[in-house]
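Chemist: Sequence plus predicted model, see below.
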Amino acid sequence: MLGVCYYPEHWPESLWQQDAQEMRELGLSYVRLAEFAWSKMEPADGQYDFAWLDKAIQTLAAQGLKIILCTPTATPPKWLVDKYPDILPVDIHTGTTRGFGSRRHYDFSSENYYRESMRITRVMAERYADHPAVVGWQTDNEIACHDTTHSGSENARLAFQRWLENEYGDIDRLNKAWGTIFWSMEYQNFSQIDLPILTVTEAQPSHQLAYRRFSSDQVIRYHNDMIEILRELCPSHFITHNFIPMVDTQTDNFALAEKLDFACYDNYPLGRTDLFYADAGPEQFRRYMRTGHPDFSTASFDHIRGISKGNFWIMEQQPGPVNWGHHNPRPLPGMVRFWSWEAVAHGAETVCYFRWRQAAFAQEQMHAGIKRVDNSKSIAWQEVEQFRDELTATGFDLTAKVNTRVAIIMTTTNQWVTEIERQGDSYNHQQVEFEYYSALRQLGIDVDFVAIDGDFSHYSLIVSPCLPIVDDAFIQRCKDSDAHFVFGPRSGSKTHDLTFAPKLAPGLLQELISVQVASVETLRADIHEPLTLDGEVFNSNRWREELINIEGARTLATYADNTPAIVANDKVTYVATLTDMALLKTLFKSLAERLQIDVLDLPEDVRIARRGEFTLVFNYSSETRTVPAPVSAKWIMGSGDVSPYDVSIYR
Amino acid sequence: MLGVCYYPEHWPESLWQQDAQEMRELGLSYVRLAEFAWSKMEPADGQYDFAWLDKAIQTLAAQGLKIILCTPTATPPKWLVDKYPDILPVDIHTGTTRGFGSRRHYDFSSENYYRESMRITRVMAERYADHPAVVGWQTDNEIACHDTTHSGSENARLAFQRWLENEYGDIDRLNKAWGTIFWSMEYQNFSQIDLPILTVTEAQPSHQLAYRRFSSDQVIRYHNDMIEILRELCPSHFITHNFIPMVDTQTDNFALAEKLDFACYDNYPLGRTDLFYADAGPEQFRRYMRTGHPDFSTASFDHIRGISKGNFWIMEQQPGPVNWGHHNPRPLPGMVRFWSWEAVAHGAETVCYFRWRQAAFAQEQMHAGIKRVDNSKSIAWQEVEQFRDELTATGFDLTAKVNTRVAIIMTTTNQWVTEIERQGDSYNHQQVEFEYYSALRQLGIDVDFVAIDGDFSHYSLIVSPCLPIVDDAFIQRCKDSDAHFVFGPRSGSKTHDLTFAPKLAPGLLQELISVQVASVETLRADIHEPLTLDGEVFNSNRWREELINIEGARTLATYADNTPAIVANDKVTYVATLTDMALLKTLFKSLAERLQIDVLDLPEDVRIARRGEFTLVFNYSSETRTVPAPVSAKWIMGSGDVSPYDVSIYR
Amino acid sequence: MLGVCYYPEHWPESLWQQDAQEMRELGLSYVRLAEFAWSKMEPADGQYDFAWLDKAIQTLAAQGLKIILCTPTATPPKWLVDKYPDILPVDIHTGTTRGFGSRRHYDFSSENYYRESMRITRVMAERYADHPAVVGWQTDNEIACHDTTHSGSENARLAFQRWLENEYGDIDRLNKAWGTIFWSMEYQNFSQIDLPILTVTEAQPSHQLAYRRFSSDQVIRYHNDMIEILRELCPSHFITHNFIPMVDTQTDNFALAEKLDFACYDNYPLGRTDLFYADAGPEQFRRYMRTGHPDFSTASFDHIRGISKGNFWIMEQQPGPVNWGHHNPRPLPGMVRFWSWEAVAHGAETVCYFRWRQAAFAQEQMHAGIKRVDNSKSIAWQEVEQFRDELTATGFDLTAKVNTRVAIIMTTTNQWVTEIERQGDSYNHQQVEFEYYSALRQLGIDVDFVAIDGDFSHYSLIVSPCLPIVDDAFIQRCKDSDAHFVFGPRSGSKTHDLTFAPKLAPGLLQELISVQVASVETLRADIHEPLTLDGEVFNSNRWREELINIEGARTLATYADNTPAIVANDKVTYVATLTDMALLKTLFKSLAERLQIDVLDLPEDVRIARRGEFTLVFNYSSETRTVPAPVSAKWIMGSGDVSPYDVSIYR
């Protein structure tokens, strides 16, 4: 299904009718409304004005469009901020208050804001619970965006103290768990504990991790309570949220999505590529600047499918140049259609485009829409038409599931731990996970992302690029699984409170494979050392562990001094160093063959994805590429010779 | 005429007499005094001491020197700051108060400081109005330097609200003009509006632009009211101000200069080159590090001539190494004389050197003077002597005007818009304007800078590298002009309030040339795409617009996909992309030939400038260069074979 | 002797006994205790608990180990900070309070903290004065680390005003000395003077220098008063302090060490190399990343020997990877033994390793120890054993002195002046001093560092890479010395208050060599100009002075324009520019030969050091190197063919 994000409040009413007709003509089914419209719905304290929204919904519904409403809480109005100044969050890096004038200017620890958010949610839900055109809700908008999970406010400090008291019960337990004896940081009571910000040198890591967990919990409480109100009042509506990339939420994404019906992703391939490649040389940068990297968006799709526990939606699909990258190239012609296919290939049931018409004012006026400011049609229009027609022509089943036997374990805790205790500036958790993912994808392997306490039963290969904190339950679940596990460096190295694994890394994983990490070294990103696997020399870099006491495991790869760098037994492969894509591909290919997982020698810049009966082939290169499809392949769309930036489908 | 900046208060009185004699010997006519001497003139609140200044003036006047006095307001004394702490400005990036201990520590929105500034101005003006040696006034010093136009103070916030109320009348008009409906930023009254600083993500662009305009107006009010006092009390004196580069004032420079008799420029070629080339490679950096770039200082001269509405002065000319660049090379021998000639070639009537004697203490003790700290003569002395003698020998007419048929439209609004809405980090307004200017200069074309509402009647070619905001009056004036207009990308794209041009860019310019901008992409500075003009391939880079609906215009240049990149009709050339110097030169040469404007194929690093009857030739290269002067040229100084770093003059 | 840093409070008592036994087995003599244990010794205000410490000491003493106790003042406990919030320092760059949660969170200007620090010192000293196992004290820990010498607090401001009043007596003297007439900065009384922070543009340099001196004096007062208490109460104990690199204390290091019995150094070769080479290319970075640079640690050893006025200790020796570099490589095998030999070669009497066992929690859990977290022995264990055995086998005399005839003058004032008045961003005082030192070391010359008012009588060659501020007493002492003096650029250029030398640079040095600096230019680090010495061309770069009025001195080297760049007479060589290592080596070699100082043509990456009868040879290269030892050399350990990363000793 297709949809669009629409802001009728930005345009004269005289345009609404034509807009609705054109949406229908374009084959759209859903329209998202009211996302940032608090000041329009409640122009002054307690004075509501829903007439405009009723009319907009009515106009759209008359064309058969279904409505998704949003709680408008990402943008508290000025009168509300002035009434409760503690709504404004405090910057944890500077201690200054973050002001009104953009968006997301609220503190998850402000009880005033919590109460007001639930109030407006309730008011909206009560009004539209039974509206025949309204089918679902989006909570807030891109929660946590702009580094808003953390606040350095006095409210946050007091809430953190309460959270700690709840978590640790008595202060001695906290002192012991954190090791506050170090540097005389012992506390006598919870009310002494500050936020771990603005310290003289780095703050206590256990203290930092607790603050991350607390902040995450504050977001989740806020979000879940909002969902609960919607669920109670609108039992027939679906409830969803439009997620930003997992790496940017600083929140437990599985927990955040838990009570939703499904999760949505806001897909901006070019903006994300621009930010990720900010330090890349021009050749590397240029290569994907108008297409996005072949594995960036799909990694997010697979993430979101993981937290969604099944299929998902694209709530916002980039339709042209955006405004918020350091630089904002134009997508190559055809990429809007290409990205739409990519999303459904990875499990999207609906693709909504952001936005119907480019805004004529304010921060996003340089962000493209399906229509231009002057109401003419942008290039995206015809690409959406093409996608719509191809969906019909191929009979693509949007309810089909993605099935794969390979999963990557995902938990925000990884990111927290590696950000708090960098040990080497070249360790970038996002990049590490991405490398593992991309290596699998280059072999034509579909990948699920699964929670550390998720269901492992479907998988033959479970990969964990980084998993510092594990517990006994996890170990038991690994034992109970038939899968082979691959653990990257740092895995098992820390306790729940970010202290050192008492029996050395990989800690509890030693129950799965007998090996110890004697020491760790970190290297600058531009330094490489040899790493030999089956006589072939690859790179060991950034993070390098010294392994000792290996018992009953084979050495797969060795460092320059012939000491082991990758070891394995039947259950587990332990990779003790960061390395290059070539080694990861070699390793995964070998494992996949052993585990009888299909592997394809895909040409460069070609990717495949399987959903239901269909296999979709995506060519990110500027040349026609031939995909090594099976002889039995029946081509539903295109052929095995895939044109540049084109999509083929076979069954 | 020649002059010097002198600080008698820094030296024992015993030196003054010799100083005055030597100034006369060097051929100086003017001495600027009292620039930062408030604490010396008013050592405590209301206790004045002018005896030292009377004596200094008397000593100088006895040698026939004419005195320019300064209002000392760039440096409020400590007792005044302690009496009125709201004098201190607030940093808009951090919210911290900017303290006492250097200079320009005042807030243009402090009514206390406004009142005190006018008081000291009045006291000085009354005292020296009838002094026979005093001929003129400099207001303040380098107004706006050190990013002092903007303050984040409570005073600024309240003044901004009053300014907005005055500008928009009622709050609904503001809401509509800015599009505050976006992100629920609607206001109910003016007192709700904060400064657009320290927001969670980027502040509303209309809000930001209003704040820039307000801040500019605050500077102008302060400055104009000071001028008015001087004008009233000293009707026989000239009033001027020493400007820093236009790009650094963050103020409407034409408005700031409007009530002056003429404008002055403080010319520091090496410091400016060091800052501009901070990111350049060593070869590019080295090339001009001891001469300055051939077009940097002259661009400022031409700017200042524009706001001066005629000739101007150099109030401070760099005489040797300065102290404030990241690195401070020594000028090549002869450059002080070279720069002095360059200034008069572009319209300077007087060149004053900064400073008479290098300071023995404080922040600028490493800044060279004509004399050294030990009172010996620096290398600048003999260069000033040479320049003085050459002025006489050539009979150079310092009252002559610069006449040209080519102008660039200059408005600070360009800079504000492109800083507020970058869209691509590689768009640098200063660089964009500089590229257009430099291309013209390399063709031997003299350039005026003219206000958007200035007099267009002299010009055959009017160039606008960037002009996002235009109005109907401007369009009418273009229509009324016989000139050909060249507009760079972004022109006409925005409304007065920095919203999107309703009929797409180039907005109102479509009345002059029928074309629309369908989309914009921005690229990283190191990425280039082909741009073909007359079969020759140049670069398109940084900012690239897609043009559609071209009616009645010719396509001059095309992108790689053969779509139009530069289009023109008889009235207008619209350049839809940033590009390289080679294309700009090719374009301007072709236009100039068509418009019968003289073009010269100047050798590399050679520039010419025409003033009155004279044409001056400047050789910035390390080799003798032959200038393609007309056969009829009569050489007043030097010859057509110009030595390295030398100046020739012909008639 | 050997020792270790031990934190019994981090471990269960059940481990203490075994720890003590193993320490004895490893041959350790000293154990440092209680360094950060304030909250353990005084868990609440006035409630002391020393039982654990008594027991730990007793356990260690039973194995014959001698105890060094620390005052725990680097980490005030939370209850104390809450009682006296003014303990927390204020960041001078942001004005924000630096919070509790790491270490060194105290302000040297807090009288509350001063009093509490002396109290806990007194309590500890009284308790352990007569304990038979306790032999000495370490004051605080790494004083000034984490930029804590400076605070921007109100207490600091008031103390600064008192300091100024004491220093200058009356305000007019200060005004005159600083040149506050510049920019109207004149003061009427001391209470008007702010800290020179957060100013609009750079603060007055004299003001800044006074603030640096004041801050240094605050540290010294605090430290000296602590020493006095210990001295009074524990007359039989030695008192020492563990210094960080001199460049990081921002304090007069000679004054700070003056009242100690000897100084200690905390030696972390890899962390320091990582930071120093942060901007180096990968080849340069890789070369020493696992060994440290051959001259980094030894420069610090020689510094510390200078402030120690004789031999010194290593209080903390890196035993493996640390946690605080940007990247933290593992030392090459053997480097712990290598570094230990290097320390004693340069005058260490005792080497203590940090730490006994890697911490299981908190900020330093990734910092290696002699033992690992799980109590197994790390690689350092066997290296300490080897070093212990070699010390015995060679009969190395740890009381022997280092004797050399070459000294470098060291004063923190150099650093302050060049940081305050950079003039060129490429001037880095640490690097400049290091270049001079390294050139000498590469010639096999041992180097002392001597205070500006130290004893010059032992030296034939005294080198001053940078010495802007000199006084008459210094000049007289130079005259009285038989040594030849080498002065680098900037020497003598400033007065005591950081104003310009009235008779131009090199100021008072003109009494030793008649030359004047007419002007200075600074260049970007990547720009080089020719410098010719004896027909060979080297580089002049970064800082270049123009010399005039040379009388009675020879020109040794010239710039590209044939003007003098290095001049000399029998007493003094004046180097007017920064240059490259090759020139410095050529210059020093020539001088050493003339002064009959032994010079060796050492192979690349080989260094020698002489102590007592022994000459030690260190090979930092990955290849065996042959040292040009005299034929008469008697090899005590190894031979003249030194293996990679190995040490040889001859007599």
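Modeler: Cool, got the structure. Numbering: from 1, shown residues only, chains lettered A, B, ... in the order given.

Chemist: By proximity to chain C, which residue of chain A wins?
Modeler: In chain A, the residue that lies nearest chain C is residue A:179 (2.6 Å; CB to the nearest CB). Where you see a C-beta, it was placed from the backbone N, CA and C, and this is true even at glycine.

Chemist: residues near the closest residue to that residue other than its chain neighbours, how many?
Modeler: Distances taken as CB to CB, 6 or more residues apart in numbering or on different chains put residue C:361 closest to residue A:179, at 2.6 Å, once the chain neighbours are dropped. As a burial measure, residue C:361 scores 23 neighbours (other CB atoms under 10 Å in any protein chain shown).

Chemist: gap between residue C:361 and residue A:501?
Modeler: Counting by CB to CB, to the nearest Å, the gap between residue C:361 and residue A:501 amounts to 11 Å.

Chemist: Beyond the one helix or strand residue A:60 maps to, next helix or strand please.
Modeler: Per DSSP states H and E, residue A:60 falls inside helix A:51-61. As assigned by DSSP H and E, the chain's next helix or strand after helix A:51-61 is strand A:66-70.

Chemist: just how off-centre is that following strand within its chain?
Modeler: 23 Å (CA atoms, centre = their mean, to the nearest Å).

Chemist: For residue A:146, give me its contacts.
Modeler: With contact set as CB atoms under 8 Å, 6 or more residues apart in numbering or on different chains, residue A:146 has these partners: A:102-104, B:200-201.

Chemist: if you set the cut-off to 7 Å instead, what comes out?
Modeler: Residues near residue A:146 by CB atoms under 7 Å, 6 or more residues apart in numbering or on different chains: A:104, B:200-201.

Chemist: same check, this time on residue A:497
Modeler: Here residue A:497 is in contact with A:177-178, A:206, A:209 (CB under 7 Å, 6+ apart).

Chemist: residues of the helix holding residue A:60 that come out buried?
Modeler: In terms of neighbour count (16 or more other CB atoms under 10 Å in any protein chain shown), helix A:51-61 has its buried residues at A:52-53, A:56-57, A:59-61.

Chemist: just the angle between that helix and strand A:66-70, please?
Modeler: Interaxial angle, helix A:51-61 versus strand A:66-70 (axes from the mean of the first three to the mean of the last three CA atoms, to 10 degrees): 150 degrees.

Chemist: Which strands or helices does helix A:51-61 pack on?
Modeler: Applying 3 or more CB pairs under 7 Å, 6 or more residues apart in numbering or on different chains; DSSP states H and E, we find helix A:51-61 packed against helix A:16-25, strand A:30-33, strand A:66-70.

Chemist: on that earlier part again, how about the buried residues of helix A:51-61 in CSV, adding pLDDT?
Modeler: CSV is the format used below for these (pLDDT from 0 to 100):
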residue, pLDDT
A:52, 98
A:53, 98
A:56, 98
A:57, 98
A:59, 98
A:60, 98
A:61, 98
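
Chemist: re earlier: so what pLDDT did the residue nearest to residue A:179 get?
Modeler: Note on residue C:361: pLDDT of 98.

Chemist: quick one: it from residue A:180, how far?
Modeler: Going from residue C:361 to residue A:180 by CB to CB gives 9 Å.

Chemist: repeat for residue A:62
Modeler: To residue A:180, residue A:62 is 64 Å away according to CB to CB.

Chemist: what sits against residue A:475?
Modeler: A:508, A:511-512.

Chemist: Among those residues, name the ones in strands.
Modeler: Using DSSP state E, the subset of these located in strands is empty.

Chemist: Just give me the closest of the residues you listed to residue B:162.
Modeler: Minimum distance to residue B:162 across the contacts of residue A:475 is 66.0 Å, recorded for residue A:508 (CB to CB).

Chemist: want to throw the contacts of residue A:475 into a markdown table with pLDDT?
Modeler: Shown next, in a markdown table, are the contacts of residue A:475 (pLDDT from 0 to 100):
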| residue | pLDDT |
| --- | --- |
| A:508 | 98 |
| A:511 | 98 |
| A:512 | 98 |
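
Chemist: Now the residue nearest the centre of chain A: phi and psi?
Modeler: For chain A, the residue nearest the mean C-alpha position is residue A:246 (2.5 Å; CA atoms, centre = their mean). Here the main-chain torsion angles of residue A:246 (degrees, to the nearest 10) amount to phi -50, psi -40.

Chemist: No further questions, thank you.
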